[in-house]
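Student: Provided below are the primary sequence and the corresponding predicted coordinates.
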Amino acid sequence: MRHYRAGGVSRREFLAAVAAAAIARDAAAESAAPLWGGPVLDCHFHLRADPKSNLTHMDGCGVTNAVILARDADKDASALQAKYPRRIVWAAATDITTPGADARLAEAVKAGAVGFGELKFHVEADGPELQRVYALAAELRVPVLVHFQEVQHYAGEGVWETGFKRFEGMLRKYPNTKFIGHADAFWANIDASYHEEAAYPTGPIVRGGITDKLLGDYANLFGDLSANSGNNAMSRDPAFTADFLKRHQDKLLFGSDCSCSDGHGGGVSQSNNPAASRMAGKCVARETLSVLKQSTSPAIFQKIVWGNAHRLLRIPA
Ligand SMILES: [Zn+2]
Ligand SMILES: [Zn+2]
């Protein structure tokens, strides 16, 4: 930064220059994006305890922008957005199993949340708790990010947002709600032969799976490619992946759900999930961006890592 001689510049001018420099740095980080050929938005990034570590991960893996997943009207998420207005937006979850969930979610949207999520609770995906959230999401015009999981990763974990195979009922019942599907059951069901035998099935994909069908049939369903679930699904069958990305190019969003410390696979990448050991020592963001990059055209890649999320979350690009 330039040095100002005492008395040469007013305090107000100095502060304006400092602010301008900060915005320029912010914009530079956004547009440089050397790793992936353009800016990248991570739609699934859990707020970290220390504000700086959020940026350490993003910068480490070449992610320019992120939707920070927070809880309720989180002051840390707002503060991070205030500090990096061109790089950060945030979404909010709340405990939907306790009274007042609607009010807390509405409050979060008032405070700046651009979506609801991630919603991960031991409830049915078409149960009363979530149906209230789906209705509120339509009313407040924000999308809702749902974690679907029917197979536990370790004894005692339990299952989350169950009943994906009958989720079409919710897509019909709430046509004005924008649903973002995520996690094991959402991605395992791209395969028509899947019957909950594993959290992360492997091998070639039998076409005609429920997820593929629902993405094609319902304008209000989107897919979040984050975590081992999304990466695993896109790594099973290269020919399927290329077609799938092309078919749903306007419905898919890049996300990482990575918990590695540095954007290079340091620390723990999938929160010690034993079923996701294929991601150990790897940064999920880097791995998934690599798969997407090699599986599709630059134009479709750009939609999936940037354009689709901006349109869906109504973020000015
Ligand atoms: Zn999740
Ligand atoms: Zn990472």
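Tutor: Received, thanks. Ligands and ions are numbered 1, 2, ... in the order given.
Student: Ranking helices and strands of this protein by mean pLDDT, which lands last?
Tutor: When each helix and strand of the chain is scored by mean pLDDT, DSSP states H and E, helix 11-32 comes last, with a mean of 55.
Student: Next one: residue 199 from ligand 1, what distance?
Tutor: Separation of residue 199 from ligand 1 (C-beta to the ion, to the nearest Å): 12 Å. From N, CA and C alone the C-beta is placed, and that goes for glycine too.
Student: swap in residue 282?
Tutor: On the measure of C-beta to the ion, residue 282 and ligand 1 end up 18 Å apart.
Student: helix or strand for the closest residue to that residue other than its chain neighbours, which one?
Tutor: Using C-beta to C-beta, 6 or more residues apart in numbering and skipping the chain neighbours, the partner closest in space to residue 282 is residue 265 (4.5 Å). For residue 265, there is no helix or strand it lies in under DSSP states H and E.
Student: Angles on the backbone of residue 265, please.
Tutor: phi 90, psi 10 (degrees, to the nearest 10).
Student: Which pLDDT value does the model give it?
Tutor: Here the pLDDT value assigned to residue 265 is 96.
Student: before we move on, what about residue 169?
Tutor: 98.
Student: The stretch 51-200 of the chain: strands as residue ranges?
Tutor: Along the stretch 51-200 of the chain, counting by DSSP state E, counting those that start in this stretch, strands occupy 65-71, 88-93, 116-119, 144-147, 179-182.
Student: And the contacts of the second one?
Tutor: Taking contacts as C-beta atoms under 8 Å, 6 or more residues apart in numbering, the residues outside strand 88-93 that touch it are 47, 54, 65-74, 77-78, 80-81, 105, 108-109, 112-120, 142, 145, 313, 315.
Student: rewinding a little: show me the contacts for the residue nearest to residue 282.
Tutor: Counted by C-beta under 8 Å, 6+ apart, residue 265 has contacts 281, 282, 283, 286.
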